[in-house]
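Peer 1: Any chance you can model this:
(one chain, ligands or ions: 1)
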Amino acid sequence: MTNEFLKLSNDDKSALSEGSTIHGEKAQTVTILNELADAQFMLLGKTLCYHWNVSGPRFHSLHVFLDGQYNALLKMLDTMAERVKIIGGAAFAPMRQLESFSNGRKHDLEKLSTNEMISDLVREHHTVIATTENFLKKNDSKIDPGTEDLLVANLREHQKMTWMLKSHLS
Ligand SMILES: [Fe+2]
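Peer 2: Numbering: from 1, shown residues only. Got it, this is the predicted structure:
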């Protein structure tokens, strides 16, 4: 499944920091935090959807496992959005993904096989990881330490979640 996050135009991206009165490097940081929160919201929605719709002999273990993952994602998303507010931006990332997720549902997300669901989550996590790594590399000296620490912590968490998801693929 194509990740809607990668399709955002520059206008879309600047809209993610809309409402903010900050400029320059901080505005760039707000934009990337909102983009990442946006992608995390998609991950949260899909993880919850797959938590409900996995089936077969692995149902119970995957149902419980994905319960832990969506609760972790909710905390990560909340922390990301609150960081946007702490540095003076406007946080509204989930609004965009509600529409994307709704479009995704039209493609019958719930009809994917269990392995396709897990693989889809792995792809979504990889997108967040790649975006975070690129931003950290390009803006090494421009990010405030509190935000950098949050991004690195999130990166580690997404990597761990990806490893755990992959371990469920047969
Ligand atoms: Fe549940």
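
Peer 1: and the nearest residue to Ser119 once chain neighbours are set aside, which of the three is it?
Peer 2: Distance criterion C-beta to C-beta, 6 or more residues apart in numbering; nearest residue to Ser119, sequence neighbours excluded, is Leu169 at 6.7 Å. For glycine as for every other residue, the C-beta is placed from the backbone atoms N, C-alpha and C. Here Leu169 is recorded as coil under DSSP: H, G, I helix; E, B strand; the rest coil.

Peer 1: what's near enough to touch the residue positioned nearest the centre of the chain?
Peer 2: By C-alpha atoms, centre = their mean, the chain has its centre lying nearest to Gln40, at 1.8 Å. For Gln40, the contact set (C-beta atoms under 8 Å, 6 or more residues apart in numbering) comprises 73, 76-77, 80, 93, 128.

Peer 1: Out of those residues, name the ones that lie in helices.
Peer 2: 73, 76-77, 80, 128 (DSSP state H).

Peer 1: Give the buried residues for the one helix or strand Thr132 maps to.
Peer 2: Using DSSP states H and E, Thr132 maps to helix 114-138. Buried residues in helix 114-138, counted by 16 or more other C-beta atoms under 10 Å: 114, 117-122, 124-125, 127-129, 131-132, 135.

Peer 1: circling back to that earlier point, so how many other residues sit close to the closest residue in space to the residue nearest to the centre of the chain that isn't next to it in sequence?
Peer 2: Leaving aside its chain neighbours, Gln40 sits nearest to Leu77 (4.4 Å; criterion: C-beta to C-beta, 6+ apart). For Leu77, the neighbour count with other C-beta atoms under 10 Å is 22.

Peer 1: Assign a three-state SS to Ser55, would you?
Peer 2: Classified using three-state DSSP, Ser55 is coil.

Peer 1: So what's the residue count around Asn71?
Peer 2: 13.
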